[in-house]
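S.K.: with the input below, show me the fold.
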Amino acid sequence: MADKRTYDLVVFGATSFVGQIMCRYLVARHGTDGDLRWAIAGRSQAKLDEVAADTGADVDRIVADAASAEAMADLATSATVVASTVGPYALYGSELVAAAAAAGTHYCDLTGEPQWMQRMIDEHGETAAVSGARIVHTCGFDSIPSDLGVWFTQQQATERFGEPCTSIAMRVKAMKGGASGGTIASMMNVMEEVASDPSLRKVLANPYALAPADMRSGPKQPNVTIPAMDKVSGQWVAPFVMASINTRVVQRSHALLGRPWGDDFLYDEAMMMGAGPVGAAKAAGLTGGLGGFMGLAAVGPVRKVLNKYVLPKPGTGPSPEAQVAGFFDLRFFGTTASGETIECKVTGDADPGYGSTAKMLGEAALALVETRGDGGIQTPATAFGNELISRLEEHAGLSFSVVNARGIKA
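M.R.: Numbering: from 1, shown residues only. Here you go, the predicted model:
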């Protein structure tokens, strides 16, 4: 494929905030005139020229409109891999996914929109499988750390105990980073879609919504929606806003792998807030604040005001200094059928939603360029597995490690 296409990789949405960070990352990793043949793409020639000057990405520039099926087809056939930062994807991503699936072009993005992902799976999954296109959604903070964290934890449990975990609870121990305008825009668009099509509530509520169509049911999954004293971490926990997408991606990985962790595998996510009365107060405060925001955002007129005057806009984000100062520390508490337990952690060295996300997307795109695999709409774990873990640890500032493993037979 690579020999017949002009580019190994095209960054579509290079003018976006995270797109620009990714361009700087690719320049640092591969330069502009090395073995990697890459280009940047977006709607505006002038803005692409600015990005090339500002980031050092002095590579070919492609002007293309996400709404044009013809432009997306041309873009897809020009490259081995297209990495897209153009969201909300439900508004701007469908033509490109359709084009990539038809052309056998590998594709990755940063979406956190389960209702749109389900549509893409149902409409283009079979086409991608036949054409050989590897389409991998959620290649940023949602959902690489969660998906690969579970993958890593299961490997470590099987190696140590001879059996996988039948339940894993991911807990956000610590995290620092600015609010992502793109992520918030995607969340608000989901609410707009639900307002116009209430049937989507069932899709969003189903933890198996992203599994293959004949595997979209299973045991009731745990779901932290209120402050609670958590048995696995020993702390008070509060809801984690990204759990609604991460848990679905993990369950899709499990389904695509053939459910090797058992038909009753359980997975949930929450934020650790500390022990004692202080932890309880923090958990209550975060839960109340999140619930209040979601309640306001669910009201159409209020949502419009929030979008226009209050919330960060797509294309905006934290300063370079704030990106570097950011980090995340996620813990994975697993338990096997025999009662053996393991705790693993995944950490990142930059702002989760921008600096770290741009590096994760960059490494996912490069993995698609440099590795081979079966076509279809996959997940980070099923598309890359250990290959991406190695790349992220070597180049992108992530780490995967075992904190402790307690075998009852030890």
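S.K.: state the distance from the nearest residue to residue 326 once chain neighbours are set aside to residue 324.
M.R.: Spatial nearest neighbour of residue 326, excluding adjacent residues (C-beta to C-beta, 6 or more residues apart in numbering): residue 351 at 3.1 Å. From N, CA and C alone the C-beta is placed, and that goes for glycine too. As judged by C-beta to C-beta, to the nearest Å, residue 351 and residue 324 stand 8 Å apart.
S.K.: ok, residue 153 - contacts?
M.R.: Taking C-beta atoms under 8 Å, 6 or more residues apart in numbering, we find residue 153 in contact with 165, 168, 332, 334, 342, 344.
S.K.: verify the stated contact: the last one with residue 152.
M.R.: The one in question is residue 344. Yes. In this structure, residue 344 is within contact of residue 152 by C-beta atoms under 8 Å, at 6.0 Å.
S.K.: output the lowest mean pLDDT helix or strand found in the chain.
M.R.: Least confident helix or strand of the chain, by mean pLDDT, DSSP states H and E, is helix 300-305 with a mean of 60.
S.K.: quick one, phi psi at residue 11?
M.R.: Main-chain torsions, residue 11, degrees, to the nearest 10: phi -90, psi 110.
S.K.: circling back: closest one of the contacts of residue 153 to residue 130?
M.R.: residue 168 (33.5 Å; C-beta to C-beta).
S.K.: got a list of contacts for the top helix by length along the chain?
M.R.: Identified as the longest helix of the chain according to DSSP state H is helix 276-297. Under the contact criterion C-beta under 8 Å, 6+ apart, helix 276-297 has outside partners 187-188, 191, 226-229, 235-239, 241, 271, 273-274, 302-303, 306.
S.K.: still on that earlier bit, let me have the contacts of residue 153 in JSON lines, extended by distance to residue 202 and secondary structure.
M.R.: Conversion of the contacts of residue 153 to JSON lines gives the following (distance: C-beta to C-beta, whole Å; DSSP: H, G, I helix; E, B strand; the rest coil):
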{"residue": "165", "distance to residue 202": "29", "secondary structure": "strand"}
{"residue": "168", "distance to residue 202": "25", "secondary structure": "strand"}
{"residue": "332", "distance to residue 202": "29", "secondary structure": "strand"}
{"residue": "334", "distance to residue 202": "30", "secondary structure": "strand"}
{"residue": "342", "distance to residue 202": "34", "secondary structure": "strand"}
{"residue": "344", "distance to residue 202": "33", "secondary structure": "strand"}
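S.K.: can you lay out these as CSV showing neighbour count?
M.R.: Shown next, in CSV, are the contacts of residue 153 (neighbours: other C-beta atoms under 10 Å):
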residue, neighbour count
165, 27
168, 26
332, 29
334, 26
342, 23
344, 25
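S.K.: turn the residues you listed into JSON lines, columns for pLDDT and distance to residue 253.
M.R.: Converted to JSON lines, the contacts of residue 153 look like this (pLDDT from 0 to 100; distance: C-beta to C-beta, whole Å):
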{"residue": "165", "pLDDT": "98", "distance to residue 253": "14"}
{"residue": "168", "pLDDT": "98", "distance to residue 253": "12"}
{"residue": "332", "pLDDT": "98", "distance to residue 253": "14"}
{"residue": "334", "pLDDT": "98", "distance to residue 253": "15"}
{"residue": "342", "pLDDT": "97", "distance to residue 253": "18"}
{"residue": "344", "pLDDT": "98", "distance to residue 253": "16"}
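S.K.: from those residues, pick the one nearest residue 85.
M.R.: residue 332 (27.5 Å).
S.K.: which residues touch that closest one?
M.R.: 149-150, 152-153, 168-171, 342-346.
S.K.: that older thread, what residues are shared contacts of residue 344 and residue 152?
M.R.: In contact with both residue 344 and residue 152: 332, 400, using C-beta under 8 Å, 6+ apart.
S.K.: which residue is the nearest non-sequential neighbour of residue 155?
M.R.: Residue 155's closest residue in space is residue 386 (C-beta to C-beta, 6+ apart), at 7.8 Å.
S.K.: for the one you found, phi and psi?
M.R.: According to degrees, to the nearest 10, residue 386 has phi -60, psi -30.
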